[in-house]
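# I'd like to go over a predicted model; first the sequence, then the structure.
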Amino acid sequence: MASKRKIIMDCDPGIDDAVALCLAAAHPEAFDIVGITTVAGNQTIEKVTENALRLVDFYGLDIPVAKGAGTPIMRPPVTASDIHGKNGIGDIEIPETDRKTVPEHAVLFMKKIFDELPEGEKITLVPTGPLTNIALMFDLFPEIKDQVEEIVLMGGAAVGGNVTAASEFNIYEDPEAAAIVFRSGLPIVMCGLDATHLCGVNRENAADLVEHGGKIAAAVGGMVQFYLKSPAYKEKDAACIHDAVTFMYLMHPEIYNGVKMPVSVDCSDGPMRGNTLCDMRGTVPEEGLTVTVLMDADGSKFQEYLLEAVRMLDAKRK
Ligand code: BDR
Ligand code: CA
């Protein structure tokens with residue numbers, strides 16, 4: 001397993017964002033999450049921010065949360081309540097918290113973290129929502145890029161899409177932001193649908209978490225069960241936990257197959273809007289390529305490690 005990393009998680013919780021944070025919370029030996037920033041996506045900025053605050057307490061974490069962009073750069077936000085529910089986390093009630101967001105906007109909060117970072121240290125960005133905050137930060141403070149270790153993001157697909165035939169939700173929601181991030185020149189690991197469609201939790205395991213677990217396992221199991229009732233999954237045996245692939249990749253890169261390739265984001269108004277055009281020909285020399293696209297995953301290992309983490313955190317917080 002790789003050594004402990006300093007992380008900023010930029011998210012829109014979101015069922016799978018919530019499960020991703022659970023995975024990270026179960027592994028404090030691997031992740032030092034120095035900040036959580038929120039972005040409108042699966043639900044409104046108010047709802048996803050409230051979810052982030054509650055989840056931090058629920059998982060027994062003490063991480064500052066900053067509220068970020070409430071709308072994509074060019075378009076109004078479109079939420080995904082059919083998949084994530086009215087409250088954004090499968091209508092599972094996470095206990096209320098007194099925790100408040102920091103006063104700064106997410107972008108200024110990240111800037112502060114980078115400013116205070118000890119000389120020579122770097123931070124890994126883990127975005128699991130639309131890339132609005134990250135793009136705004138790179139645009140306003142390009143010098144921050146020197147302090148970014150890498151970006152391990154959930155978004156995009158080499159083949160197909162989920163929100164449209166051509167596009168994955170996080171990229172489709174704010175393609176202009178995604179284009180800025182993909183052009184940043186920083187090392188990016190794109191945990192897109194090619195890998196995340198193989199990484200899920202099945203009905204039997206979700207039910208087991210609900211029936212035999214404590215409060216954290218029951219909440220995670222309940223969220224997955226909500227996912228499984230949504231139009232996207234009702235015919236399927238397992239729900240993809242897309243966002244958890246980011247942290248899983250950081251801990252267990254050996255269960256993925258990543259390929260470096262040129263990736264560009266379609267910002268047109270046509271049917272390809274939000275598409276991540278991945279050049280899979282293998283003809284472009286690797287030097288100079290910055291994006292690694294996860295093309296394959298060992299889904300059974302993913303499920304095993306994820307359930308292990310949920311149960312571990314659950315037992316710790318009983
Ligand atoms: C992505 O879209 C959101 O609905 C999920 O939280 C995930 O980040 C999957 O396409
Ligand atoms: Ca998400």
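Thanks, I have it. Source: prediction; values computed, not measured. Numbers count the residues shown, from 1 in each chain. Ligands and ions are numbered 1, 2, ... in the order given.

# contacting residues for residue 141?
107, 111, 114 (Cβ atoms under 8 Å, 6 or more residues apart in numbering). All C-beta atoms are positioned from the backbone trio N, CA, C, and that covers glycine.

# in space, what's closest to whichever residue of the stretch 1-150 of the chain sits closest to ligand 1 - neighbours in sequence excluded?
Among all residues of the stretch 1-150 of the chain, residue 14 sits closest to ligand 1, at 4.0 Å; criterion: Cβ to the nearest ligand atom. Excluding the flanking residues, the one nearest residue 14 by Cβ to Cβ, 6 or more residues apart in numbering is residue 42, at 4.2 Å.

# let me know whether the one you found touches residue 77 as I believe.
No. Assessed by Cβ atoms under 8 Å, residue 42 is found out of contact with residue 77, at 9.8 Å.

# neighbour-wise, which of the two wins?
residue 42 (32 against 20; other Cβ atoms under 10 Å).

# need the helices for the stretch 1-150 of the chain, in chain order.
Remark: helices assigned in the stretch 1-150 of the chain by DSSP state H, counting those that start in this stretch are 15-25, 45-58, 81-84, 106-115, 132-140.

# so is stretch 138-154 next to ligand 1?
Yes. Judged by Cβ under 6 Å from any ligand atom, stretch 138-154 and ligand 1 are in contact via residue 154.

# mind listing what's buried in the helix or strand bottoming out on mean pLDDT in the chain?
The helix or strand of the chain with the lowest confidence, counting by mean pLDDT, DSSP states H and E, is helix 81-84 at a mean of 90. Buried residues in helix 81-84, counting neighbours by 16 or more other Cβ atoms under 10 Å, are found at 81, 83, 84.

# ok, the first one touching residue 43?
Just to be clear, that refers to residue 81. Yes. Using Cβ under 8 Å, residue 81 makes contact with residue 43 at a distance of 6.7 Å.

# shared neighbours, the two?
residue 88.

# and the residue of the stretch 51-200 of the chain found nearest ligand 1, what does it touch?
Ranking the residues of the stretch 51-200 of the chain by distance to ligand 1 (Cβ to the nearest ligand atom) places residue 169 first, at 3.5 Å. By Cβ under 8 Å, 6+ apart, the contact set of residue 169 is 41, 80, 162, 163.

# if we use 10 Å, what do you get?
When contacts are counted by Cβ atoms under 10 Å, 6 or more residues apart in numbering, residue 169 is found next to 12, 41-42, 78, 80, 83, 129-130, 154-156, 161-163, 193, 242, 274.

# drop anything exposed from those.
12, 41-42, 80, 83, 129-130, 154-156, 161-163, 193, 242, 274.

# before we move on, the earlier item: for ligand 2, see how far away the residue of the stretch 1-150 of the chain closest to ligand 1 is.
4 Å (Cβ to the ion, to the nearest Å).

# any idea how far residue 145 is from that residue?
Residue 14 sits 26 Å away from residue 145, going by Cβ to Cβ, to the nearest Å.

# okay, those two: which has more neighbours?
Legend: neighbour count by other Cβ under 10 Å for residue 14 and residue 145, higher for residue 14 (32 against 14).

# who's in contact with that one?
Residues in contact with residue 14 (Cβ under 10 Å, 6+ apart) are 20-21, 38, 41-43, 47-48, 51-52, 55, 80, 83-84, 88-90, 128-129, 154, 170, 223, 242-243.
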